[in-house]
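Visitor: Give me a 3D structure for the following:
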Amino acid sequence: FEQGMSNTFMNYSLFFETILGAFLVYVPVSNTVTGTRPLRFTWWTSAVPFSLAIYIYDELRKGWIRKNNGGWLHRNTYW
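Guide: Coordinates of the predicted model:
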């Protein structure tokens, strides 16, 4: 948590992008305009293992960096 998220424009952009995506997927008017249909819950579940793998990888990477400060992993993946 040292790096933080102090860029207000980027925080707003991430929030807006998420809301816009949900609007385009789940609001019936936008489905009619774009010719799509809402996603089923089961279609979202295929992404869960990948998100868990990314989370676990990042936590292991941070733990390794704390243990071996200044090593290769710290120099090449921590900015």
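Visitor: and the residue nearest to the spatial centre of the chain, what element?
Guide: The centre of the chain sits closest to S51, judged by Cα atoms, centre = their mean, with a distance of 8.0 Å. If you go by DSSP states H and E, S51 is part of helix 48-67.
Visitor: Give the other helices and strands that that helix contacts.
Guide: With contacts defined as 3 or more Cβ pairs under 8 Å, 6 or more residues apart in numbering; DSSP states H and E, helix 48-67 has these neighbours: helix 72-77. Where you see a C-beta, it was placed from the backbone N, CA and C, and this is true even at glycine.
Visitor: Can you list the helices and strands that the helix it packs on packs against?
Guide: If you count contacts as 3+ Cβ pairs under 8 Å, 6+ apart, helix 72-77 packs onto helix 48-67.
Visitor: pLDDT value on R66, please?
Guide: Per-residue pLDDT puts R66 at 89.
Visitor: neighbours around S30, how many?
Guide: Per other Cβ atoms under 10 Å, the neighbour tally for S30 reads 13.
Visitor: For W64, give me its contacts.
Guide: By Cβ atoms under 8 Å, 6 or more residues apart in numbering, W64 lies in contact with G71, L73.
Visitor: Who are the contact partners of Y12?
Guide: Listed by Cβ under 8 Å, 6+ apart, Y12 has no contact partners.
Visitor: hang on, I meant G71
Guide: Applying Cβ under 8 Å, 6+ apart, the residues contacting G71 are W64, I65.
Visitor: Also N11?
Guide: By Cβ under 8 Å, 6+ apart, the neighbours of N11 are M5.
Visitor: What spatial separation is found between it and E59?
Guide: Distance of N11 to E59, given as Cβ to Cβ, to the nearest Å: 22 Å.
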